[in-house]
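>>> Sequence plus the predicted model coming up.
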Amino acid sequence: GAVVSQHPSWVICKSGTSVKIECRSLDFQATTMFWYRQFPKQSLMLMATSNEGSKATYEQGVEKDKFLINHASLTLSTLTVTSAHPEDSSFYICSARTPPFLAAYEQYFGPGTRLTVT
Amino acid sequence: AQSVAQPEDQVNVAEGNPLTVKCTYSVSGNPYLFWYVQYPNRGLQFLLKYITGDNLVKGSYGFEAEFNKSQTSFHLKKPSALVSDSALYFCAVRGVNNAGNMLTFGGGTRLMVKP
């Protein structure tokens, strides 16, 4: 099946710094990518949907200026957590969806990135 | 708006016994239903999906799920549980008529299989 990678798998940063997380679709072109956030023992919460070449659509309550999303190519989306604070510590998971014209039209998930802000 | 409910936070089962993880959904139109499994500090792995056709769907690792339209349920099942099945399981629905075609996840159910 299709593979989605994330980098880094874990990161520790100091409060006030910015962190960039990359999400790549390795063997397919993803016209749409999704970013989720998961707190311990909780479900995935959709943060934003990004379509290649256009601005991301953020879910209600997600600060677009804090969580910058760039989907510059069909295989790469980045999430930048700006001026990170301890409450931003979480597990961030990206997901990439195959183009709608493909029969599968599936959504594939990356392995996640554990962010810890000290 | 579409929604998914997983009524059990945790399911405990002995190895070798059958297991069921419950899921009910609410969506406009015909649903696309999914089950995913998540191991600690890992992303989600696809188990199976229902799009159309037979109500009993077979997936990875011996799991299956039964779509019941009248009860709006999509329970995950396995005839004989393994200790290695212990993980967090998520049910998800994607509404066909949802212009955004986004997945909505249930709260997750932790499956504990004891030797």
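Thanks, I have the structure now.

>>> hmm, which helix or strand of chain B has the shakiest average pLDDT?
strand B:103-105 (a mean of 87; mean pLDDT, DSSP states H and E).

>>> what do you get for chain A?
The weakest-scoring helix or strand in chain A, judged by mean pLDDT, DSSP H and E, is strand A:107-109 (a mean of 87).

>>> counting contacts, what elements does it pack onto?
strand A:90-97, strand B:44-50 (3 or more CB pairs under 8 Å, 6 or more residues apart in numbering or on different chains; DSSP states H and E). Where you see a C-beta, it was placed from the backbone N, CA and C, and this is true even at glycine.

>>> Would you tell me which one of the ones you listed is buried the most?
Ranked by mean neighbour count, the helices and strands packed on strand A:107-109 are led by strand A:90-97 with a mean of 25 (mean count of other CB atoms under 10 Å in any protein chain shown).

>>> now for the strand or helix carrying residue A:11, which elements pack on it?
Per DSSP states H and E, residue A:11 falls inside strand A:10-13. Packing contacts for strand A:10-13, counted by 3+ CB pairs under 8 Å, 6+ apart, involve strand A:19-25, strand A:113-117.

>>> Quick one: residues contacting residue A:77.
Counting by CB atoms under 8 Å, 6 or more residues apart in numbering or on different chains, residue A:77 touches A:22-23, A:30, A:33, A:35, A:50, A:69-71, A:94, A:96.

>>> Other residues contacting the least confident helix or strand of chain A?
A:1-4, A:25, A:34, A:93-98, B:36, B:43-46, B:94, B:103.

>>> try 6 Å this time
For strand A:107-109, contacts defined as CB atoms under 6 Å, 6 or more residues apart in numbering or on different chains pick out A:2, A:4, A:93, A:95-97, B:43-44, B:103.

>>> Bridging across strands, which residues link to the residue lying closest to residue B:36 once chain neighbours are set aside?
Distance criterion CB to CB, 6 or more residues apart in numbering or on different chains; nearest residue to residue B:36, sequence neighbours excluded, is residue B:44 at 4.1 Å. For residue B:44, the beta-bridge partners under DSSP bridges are residue B:38.

>>> pLDDT at residue B:44, what is it?
Residue B:44 is assigned a pLDDT of 88 by the prediction.
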